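Undergrad: no sequence on hand, only this structure:
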């Protein structure tokens, strides 16, 4: 499959022109004279240089890699059909869809982009964080930085003791049971050759606690309505977690809120100030 440079350039230009700054969580500013996003804004969203992106729109430069195409598809908030089209224009076979896909649907992204003042994250069914809001990073740290199975919080829970430091100690036993139960259900649902099954196999080899819980064959243990986090600067936060599911991708948007007037509400407001200062 060969790259179609004219069609690729036209498609990228059109998608860029259709996106507004507020669609992707960017300020519009007062000096914007044309509609759509600027090339430098798209480059930031796609994690590439402005020069590289500009050359693609001018029908120049090397053929983009699959990783680069995936990054552009996400940065431009493309639908799955649009993502697949972009891959074909670039001379690549589109990646698989379904439970293993990491392409976040534009609907979930649009919601997340508007949650600057709320801890939120988009996760896979295996508990891998794909994207976080700024206050989400302030609450738990950047959990998108991991690689391999360590991206899954369930895997890290049993293999990396530091993972538990964000959660109240009294909740650890319940969370261990919940992660083991959830992984058992997912491994059964997806089958022996799935990533969930592989994760379970590795944990059975590496964690005595996981082996003990796995032998219980517990299923159906669901998260509590309120999650308790520990932050080193603001203390304990009791937060309600709302979940919005994208059934096509098996991705979930998790949004954490505190009851107005509560101590956790005030601490969350303080965390937003600390997080903003850290970002600056």
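TA: Structure's in. What do you need? Just so it is clear, the model here is predicted, and its values are computed rather than measured. Numbering: from 1, shown residues only.

Undergrad: now the element after the helix or strand that contains residue 157, going C-ward?
TA: Counting by DSSP states H and E, the element that carries residue 157 is helix 153-159. Downstream of helix 153-159, the next assigned helix or strand under DSSP H and E is helix 172-190.

Undergrad: what comes up buried for that following helix?
TA: Under the neighbour-count criterion of 16 or more other Cβ atoms under 10 Å, helix 172-190 has 175-176, 178-184, 186-187, 190 buried. To be clear about C-beta, it is placed using only N, CA and C from the backbone, and glycine gets the same treatment.

Undergrad: just stretch 47-67 next, same as before
TA: 48, 53, 56-57, 64.

Undergrad: buried set for the helix or strand of the chain with the lowest mean pLDDT?
TA: The least trusted helix or strand in the chain, going by mean pLDDT, DSSP states H and E, turns out to be helix 263-279, with a mean of 84. Neighbour-count burial for helix 263-279 flags 264-265, 267-268, 271-272, 275 (criterion: 16+ other Cβ under 10 Å).

Undergrad: would you list those in TSV and tack on distance to residue 114?
TA: Below are the buried residues of helix 263-279 laid out as TSV (distance: Cβ to Cβ, whole Å):
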residue	distance to residue 114
264	22
265	20
267	22
268	17
271	19
272	15
275	17
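
Undergrad: closest one of these to residue 9?
TA: residue 275 (38.5 Å; Cβ to Cβ).

Undergrad: please, where are all the helices along this structure?
TA: 5-18, 39-45, 50-57, 66-75, 80-89, 106-113, 134-140, 153-159, 172-190, 195-206, 208-214, 263-279 (DSSP state H).

Undergrad: by mean pLDDT, show me the worst of the ones you listed.
TA: Lowest mean pLDDT within these: helix 263-279, at a mean of 84.

Undergrad: contacting residues around it?
TA: By Cβ atoms under 8 Å, 6 or more residues apart in numbering, the residues outside helix 263-279 that reach it are 117, 119, 134-135, 137-139, 231, 233-239, 258-259.

Undergrad: in PyMOL, how would I select the buried members of the residues you listed?
TA: Buried subset of the contacts of helix 263-279, written as a PyMOL selection, criterion 16+ other Cβ under 10 Å:
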select buried, resi 119+134+135+137+138+139+231+234+237+238+239+258
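
Undergrad: sorry, back to before: could the helices of the chain be laid out in CSV, adding distance to residue 249?
TA: Formatted as CSV, these follow (distance: least, Cβ to Cβ, whole Å):
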stretch, distance to residue 249
helix 5-18, 20
helix 39-45, 19
helix 50-57, 25
helix 66-75, 12
helix 80-89, 8
helix 106-113, 8
helix 134-140, 19
helix 153-159, 18
helix 172-190, 14
helix 195-206, 15
helix 208-214, 27
helix 263-279, 28
